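J.: build me a structure from this.
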Amino acid sequence: MVRVNRTDRLYALVEELRAVAPRPRSARWLAGRFEVSVRTVERDISALQQSGVPIYAETGRTGGYCLDKARTLPPVNLTPDEAVAMAVALERLEGTPFRAPAATALRKLVTAMQSDDAAAARDLAGRVHLLGDGVIVPPVPRMVADALSTRRVLRIGYRDREGAVTMREIEPLGYVGKTTHWYLVAWCRRRDALRVFRTDRITSVSVTAEVPPPRSLRGEDLDIPHGILHQLTLS
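T.: Numbering: from 1, shown residues only. From the prediction side, this is the model:
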């Protein structure tokens, strides 16, 4: 077999594991298949796992690496232009609660593209340069970004506009996003009411073990004095 570059090999590794899933392939077998060392295969598998590809190891004499086929995408027919358009859109998520998962999603999609299309997309992306507009969006703390999916009561320190910091226990319900700031919408136990917390004013955050009771959140529940509020959809 002719040696291939690392990008093509990563793509081929995923497709090899997908083809035999749920059966495993050993690192030694994969090393022979791609004419690289076992150590190289292990590094490649680790890189794929860190990018979100659901590969896991089975121990034992007949063990090896397995791919969770139900949680991966088959080859995706994105064009290079479409992939780069997604990457440009991703740049607008900097400072939002969804920057990290969006980057993982894009890596998964590029990994699932046909290898020649993925290579063309990377070449095209290398020709695109973005000029900053001078607006710096404060980053959202990771535990705040994960607040809705974690589904736990948070204990936060919050600094008001005068600079005073108070401790709150809150039940996260949603987000409101603006160009320059993001807000966590939550039920505040201190106020016993719905409150909106600007994420860059959250000075500390810890996740408790308590699961909050279910609460609904409707657009009309939010008292937004300026601007038009619209709900995000996936359609």
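J.: domains for the protein, by residue range?
T.: For the chain, automatic domain parsing gives the domain ranges 6-71, 80-125, 142-221.
J.: which helices and strands does the helix or strand where Val84 lies pack with?
T.: Per DSSP states H and E: Val84 is located in helix 80-91. Contacts defined by 3 or more C-beta pairs under 8 Å, 6 or more residues apart in numbering; DSSP states H and E place helix 80-91 against helix 99-112, helix 115-125. Every residue, glycine included, has its C-beta placed from N, CA and C.
J.: so which of those is nearest Arg33?
T.: Of all the helices and strands packed on helix 80-91, it is helix 115-125 that lies closest to Arg33, at 15.7 Å by C-beta to C-beta.
J.: any idea how far the residue nearest the centre of the chain is from Glu35?
T.: By C-alpha atoms, centre = their mean, the mean C-alpha position of the chain lies nearest to Pro101, the distance being 0.8 Å. Computed as C-beta to C-beta, to the nearest Å, the Pro101 to Glu35 distance reads 35 Å.
J.: and Leu109, by the same measure?
T.: 28 Å.
J.: neighbour-wise, which of those two wins?
T.: Using other C-beta atoms under 10 Å, the more surrounded residue of Leu109 and Glu35 is Leu109, with 18 against 12.
J.: so that one makes contact with Asn77?
T.: No - with contact defined as C-beta atoms under 8 Å, Leu109 does not count as touching Asn77 (10.9 Å).
J.: which residues are in contact with the helix holding Val84?
T.: 78, 99, 102-103, 106, 109-110, 113, 117-118, 120-121, 123-125, 128, 130 (C-beta atoms under 8 Å, 6 or more residues apart in numbering).
J.: what pLDDT does the residue nearest to the centre of the chain get?
T.: pLDDT recorded at Pro101 is 83.
J.: which ones are touching it?
T.: Counted by C-beta under 8 Å, 6+ apart, Pro101 has zero contacts.
J.: re earlier: in terms of mean pLDDT, which of the domains of the chain ranks lowest?
T.: Lowest mean pLDDT of these: domain 80-125, a mean of 82.
J.: ends of that one, what's the gap?
T.: Domain 80-125 has an end-to-end distance of 9 Å (C-alpha to C-alpha, to the nearest Å).
J.: starting at the chain centroid, how far to it?
T.: 12 Å (C-alpha atoms, centre = their mean, to the nearest Å).
J.: so where do the helices sit in the protein?
T.: Using DSSP state H, the helices of the chain run over residues 6-20, 27-34, 38-50, 80-91, 99-112, 115-125, 142-145, 147-150.
J.: would you list those in JSON lines and tack on distance to Tyr175?
T.: As requested, the helices of the chain are arranged in JSON lines below (distance: least, C-beta to C-beta, whole Å):
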{"stretch": "helix 6-20", "distance to Tyr175": "32"}
{"stretch": "helix 27-34", "distance to Tyr175": "42"}
{"stretch": "helix 38-50", "distance to Tyr175": "26"}
{"stretch": "helix 80-91", "distance to Tyr175": "17"}
{"stretch": "helix 99-112", "distance to Tyr175": "13"}
{"stretch": "helix 115-125", "distance to Tyr175": "28"}
{"stretch": "helix 142-145", "distance to Tyr175": "9"}
{"stretch": "helix 147-150", "distance to Tyr175": "8"}
